[in-house]
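1. sequence? don't have it. structure:
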């Protein structure tokens, strides 16, 4: 069963169980997938593509969460945290900051690069490895930090 099929099955189940948050969260993901289909190359999205869309949806919610916290909107904070939890259940296990640092350090040593001017080389190697498993902004920040040492 593909990830997209699992989302559809879980959406039907959530609707039947009247789980409004789960149903609406999956509906938003399905809408994002349809939009991606229309904007894409015309080929059907594979699990990697769906994972990227899910990761993008998590990122959007994390950014919104910061704004809700600034505004002290407890209702939206609770709902957004629940949505993030639902979305993360479809993604591969997320790498911790420590695991990302270790991976980046290893690649920097392996590539034998120094200085920020080589950030592109490191990111080109790291990005496919962390695809869907880590926020690329966090990875980018860690690469910058380690290359500036």
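-> That came through, no problem. Note that the structure is predicted; figures quoted are calculated from it, not measured.
2. Just the helices from this protein, written as ranges.
-> For the chain, the helices defined by DSSP state H occupy 3-16, 20-39, 47-70, 74-88, 97-111, 119-130, 136-147.
3. Adding mean neighbour count, write these out as JSON lines.
-> No exception for glycine: its C-beta is placed from N, CA and C like everyone else's. Formatted as JSON lines, those follow (neighbours: other C-beta atoms under 10 Å):
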{"stretch": "helix 3-16", "mean neighbour count": "15"}
{"stretch": "helix 20-39", "mean neighbour count": "16"}
{"stretch": "helix 47-70", "mean neighbour count": "16"}
{"stretch": "helix 74-88", "mean neighbour count": "16"}
{"stretch": "helix 97-111", "mean neighbour count": "15"}
{"stretch": "helix 119-130", "mean neighbour count": "16"}
{"stretch": "helix 136-147", "mean neighbour count": "16"}
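4. and these as CSV, adding mean pLDDT?
-> What follows is the helices of the chain, written out as CSV (pLDDT from 0 to 100):
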stretch, mean pLDDT
helix 3-16, 95
helix 20-39, 92
helix 47-70, 91
helix 74-88, 94
helix 97-111, 91
helix 119-130, 90
helix 136-147, 89
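5. in the protein, which residue is closest to the centre?
-> residue 55 (2.0 Å; C-alpha atoms, centre = their mean).
6. Correct me if wrong: it contacts residue 91.
-> Yes. Counting by C-beta atoms under 8 Å, residue 55 touches residue 91, with 6.3 Å between them.
7. what touches both of these two?
-> Both residue 55 and residue 91 are contacted by residue 132, under the criterion C-beta atoms under 8 Å, 6 or more residues apart in numbering.
8. First residue to last residue on stretch 32-47, what's the distance there?
-> By C-alpha to C-alpha, to the nearest Å, the extent of stretch 32-47 from end to end equals 14 Å.
9. now that stretch, how far from the chain's geometric center?
-> 17 Å (C-alpha atoms, centre = their mean, to the nearest Å).
10. Stretch 86-96 now?
-> 8 Å.
11. Now it: buried residues?
-> 86, 87, 90, 91, 95 (16 or more other C-beta atoms under 10 Å).
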